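[1] sequence and predicted structure are below.
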Amino acid sequence: MTFENTYRIRNAKSLTELGIVVATYNRAEFLRRCLDALAAQSDASSNFEVIVVVDGSTDDTAEFLASYTRLQNLHVHVQPNQGVGAARNKGAELSSARLLLFLDDDMVAAPDLVSAHIEAHRSSAGIVGLGHIVNTEPPDADSFNRSTSAGLSDHYDRLKRGRRPTFMDCYSGNLSVPRQAFVELGGFVSDLPRSEDVELGYRLQMAGLQLVYLESAIAHQEYRKTFREIGADAENGGAAALMLYARHPAMLPHMHLSEFCTVSLGFRVARAMLLALSAPGSLLRWLSALFDGSRRERGWYRLLYSYFYWRGVRRSTENGDLWNRLTDGTRILMYHAVGSGGERASRYVIPKSRFLRQMRWVKRRGYRVLTFREYLRLRRQNELAPCKSVIVTFDDGYADFHDAGHAVLQQVDFPATMFVVSGAVGSCNKWDGSGVLRERPTLSWQALDEVQRDGVECGAHSRSHVALTAISPARRREEIEGCLADLNDRLPSVLPVYSYPYGKWDEEVESEVAGAGFEAACTVMPGMNVANTPPFRLRRTEVYGTDSLLQFGFLLWSGHRLGWPARAAAS
């Protein structure tokens, strides 16, 4: 076989509209089905060419192509193995078409696939066409194969139901793009072990091209991969994600790389055990037999895929600090009142002595307490927060904070954030019904100014502490924008973060808070905050005034309470 050889099976038509690029390696039989399907496209008038790049195949692929006659406009290029990205780039270079369609060699195009891509680009200039891939499994597929294939099918089902596509959906198995844009952006990168299509999609989207899901551009794929191959794909995906973050930090919130600690506690513990043991694939494949056919099958294989992915990340991580940052999140602690003088502890009132013990625990165990502004800066710059990072927040603005809570924070040299009910400043709590916080005095404007000058940040918590989801739009704007105006009028600086009263919010509330000029907002949903946590749905974990030090330690570690309540906190 002669490498670096390009030849044409049939004469090219002039001014070809679509060039279909197929990179292949040692899959002659799959390729035959792929080309047969392209030869059987329903729109005979479609002006397209097919460029097959044989990337170092050692089987009979090149020989098969030399004798293939069903396609009228087929070009073949044979080269030493350089990887799929380089092979696709070579195919694009050889094409004379206005549009490029990248198709995997195991894709069997539905009869209307070519026309669907062409019509989409004729209708709208400057788009990237994301075709639909239908996955099927062979009869002898194992459970990991079936589970992974089902996950891919779920992905396309979500697009079909209307989810807006992003660059993370740019799978080159069935992807069309204007050739000029592809060339100007440099094509696929060739140094990634995986996800070179997603990386291209990111650059295309950043260049202003619109990503469009094409439901009628259907390709069928028989998902036939072994346990070992799926594990290797996941591991390469983790390694590639780390490289993508280094190259394009803004991709971080969109990748699994930001989701390590957002899963359930049981999932985290199980995965941590697998990572600590560096469990070999052979053992995991043997264990998988215990879950085959059970209702826990999908959960088990989801755990396995996550393990392989994060094993790829860890093996590619050069230093321990980066690994620690990737596998941790930021905890936002929520307090209300700090009691002193023997006041009894309750859910919303923590004795000063207990609060001091908690803050000392935080300090001794190496947690990093951030200001909220510092955390916002990290998010804006797509930087990972320090490992074991914490933000301390207080809701409502009670007067006891001045002499009790703030004194403790000064003693341990920690910053904090106070979310203020602006209409209650210098008055008392009038919204708590018969609760323990009813009539509790609030800080005056002068006291707020004093603690702010000592480093306490002040954010908005509405004007009258009313549930924003239960009032009219006009009243809601007053509670959101009016509170911000009050704080701006009376304080030297205002933190651009809103705390939803009672933790009540919906998409309309979120939109209005963002429109008022806030940069983020806090809910009362517990858990860790990571790069992909929506900025107006930040998680915040309530600390009860009755929590023991052991309970507090668990809350710090996990971001959750043991048996945390489903109902919203009275924040």
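    Received, thanks. Because the structure is a prediction, the values reported are computed rather than measured.

[2] can you map out the helices along the stretch 251-400 of the chain?
    Counting by DSSP state H, counting those that start in this stretch, the stretch 251-400 of the chain has helices at residues 265-277, 281-288, 297-316, 320-326, 352-364, 372-380, 400.

[3] now render the ones you listed as a markdown table, adding distance to Leu101.
    For glycine as for every other residue, the C-beta is placed from the backbone atoms N, C-alpha and C. Output for those, formatted as a markdown table (distance: least, CB to CB, whole Å):
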| stretch | distance to Leu101 |
| --- | --- |
| helix 265-277 | 38 |
| helix 281-288 | 35 |
| helix 297-316 | 29 |
| helix 320-326 | 36 |
| helix 352-364 | 56 |
| helix 372-380 | 37 |
| helix 400 | 67 |
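
[4] out of those, nearest to Arg164?
    Among the helices of the stretch 251-400 of the chain, helix 372-380 comes nearest to Arg164, with 21.5 Å by CB to CB.

[5] poorly predicted segments of this protein, please.
    Residues of the chain that meet the criterion pLDDT under 70 lie in 1-15, 44-46, 563-571.

[6] just give me the longest strand of it.
    strand 210-222 (DSSP state E).

[7] who does it touch, helix- and strand-wise?
    Other helices and strands packing on strand 210-222, by 3 or more CB pairs under 8 Å, 6 or more residues apart in numbering; DSSP states H and E, are strand 107-109, helix 113-123, strand 127-136, helix 143-160, strand 174-178, helix 196-206.

[8] just the helices of the stretch 251-400 of the chain: most buried one?
    helix 400 (a mean of 22; mean count of other CB atoms under 10 Å).

[9] still on that earlier bit, Asp547 is nearest to which of the helices of the stretch 251-400 of the chain?
    Evaluated with CB to CB, these place helix 352-364 nearest to Asp547, the distance being 7.9 Å.

[10] CA-only coordinates of that closest one in CSV, if you can.
    Listed next in CSV are the C-alpha coordinates belonging to helix 352-364 (Å, rounded to 0.1, in the frame of the first residue of the first chain):
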residue,chain,number,x,y,z
LYS,A,352,-21.9,33.2,70.6
SER,A,353,-19.8,30.6,72.3
ARG,A,354,-20.9,27.9,69.8
PHE,A,355,-20.4,30.2,66.8
LEU,A,356,-16.8,30.8,68.1
ARG,A,357,-16.1,27.1,68.4
GLN,A,358,-17.3,26.6,64.8
MET,A,359,-15.2,29.4,63.4
ARG,A,360,-12.1,28.0,65.2
TRP,A,361,-12.9,24.6,63.8
VAL,A,362,-12.9,26.1,60.3
LYS,A,363,-9.6,27.9,61.0
ARG,A,364,-7.8,24.9,62.5
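
[11] next one: stretch 267-284 to chain centre, how far?
    23 Å (CA atoms, centre = their mean, to the nearest Å).

[12] thinking again about what came up before, so which of the helices and strands packed on strand 210-222 gets nearest Val543?
    helix 143-160 (36.4 Å).

[13] just how off-centre is the closest one within its chain?
    Going by CA atoms, centre = their mean, where helix 143-160 is centred and where its chain is centred differ by 18 Å.

[14] which secondary structure elements does it sit against?
    In terms of contacts (3+ CB pairs under 8 Å, 6+ apart), helix 143-160 is packed against strand 127-136, strand 210-222, helix 227-247, helix 281-288, helix 297-316.

[15] closest one to Leu384 among those?
    Of all the helices and strands packed on helix 143-160, it is helix 227-247 that lies closest to Leu384, at 8.8 Å by CB to CB.

[16] just want the angle from the closest one to helix 196-206.
    For helix 227-247 against helix 196-206, the angle by axes from the mean of the first three to the mean of the last three CA atoms, to 10 degrees is 30 degrees.

[17] next, the angle from helix 227-247 to helix 297-316.
    Here the directions of helix 227-247 and helix 297-316 differ by 50 degrees (the same axes, to 10 degrees).

[18] and helix 227-247, what's buried?
    Using 16 or more other CB atoms under 10 Å as the burial criterion, the residues of helix 227-247 that qualify are 227, 230-245.

[19] now tabulate the helices and strands packed on helix 143-160 in TSV and tack on distance to His254.
    Formatted as TSV, these follow (distance: least, CB to CB, whole Å):
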stretch	distance to His254
strand 127-136	15
strand 210-222	13
helix 227-247	10
helix 281-288	28
helix 297-316	15
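
[20] ok, which of the helices and strands packed on strand 210-222 comes nearest Cys428?
    helix 143-160 (48.6 Å).

[21] ok, and what's touching the closest one?
    Helix 143-160 has contacts (CB atoms under 8 Å, 6 or more residues apart in numbering) with 130, 132-137, 141, 165, 169, 213, 215, 223-227, 230, 285, 288, 291-293, 297-298, 301-302, 304-305.

[22] can you check stretch 313-331 too?
    So stretch 313-331 is contacted by 235, 238-239, 241-243, 257, 260-262, 275, 310, 370, 375, 384-391, 527-530, 533, 541, 555-556, 559 (CB under 8 Å, 6+ apart).

[23] quick one: end-to-end distance for that stretch.
    23 Å (CA to CA, to the nearest Å).

[24] stretch 420-436 too?
    End-to-end distance for stretch 420-436, by CA to CA: 19 Å.

[25] what is the helix or strand hosting Ala485 packed up against?
    Per DSSP states H and E, Ala485 falls inside helix 473-490. With contacts taken as 3+ CB pairs under 8 Å, 6+ apart, helix 473-490 sits against helix 445-453, strand 456-460, helix 507-515.

[26] roughly how far is the next helix-or-strand element following it from the heart of the chain?
    Moving toward the C-terminus from helix 473-490, the next helix or strand (DSSP H and E) is strand 497-499. In terms of CA atoms, centre = their mean, the centre of strand 497-499 is set 22 Å apart from its chain centre.

[27] now for strand 497-499, which elements pack on it?
    Here strand 497-499 touches strand 416-420, strand 456-460, strand 520-522, going by 3+ CB pairs under 8 Å, 6+ apart.

[28] can we see that at 6 Å?
    When contacts are defined as 3 or more CB pairs under 6 Å, 6 or more residues apart in numbering; DSSP states H and E, strand 497-499 packs onto strand 520-522.

[29] picking up where we left off before, take the helices and strands packed on strand 210-222 and lay them out in CSV including distance to Glu481 and mean neighbour count.
    As requested, the helices and strands packed on strand 210-222 are exported to CSV (distance: least, CB to CB, whole Å; neighbours: other CB atoms under 10 Å):
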stretch, distance to Glu481, mean neighbour count
strand 107-109, 52, 24
helix 113-123, 41, 20
strand 127-136, 38, 21
helix 143-160, 35, 17
strand 174-178, 43, 25
helix 196-206, 33, 21
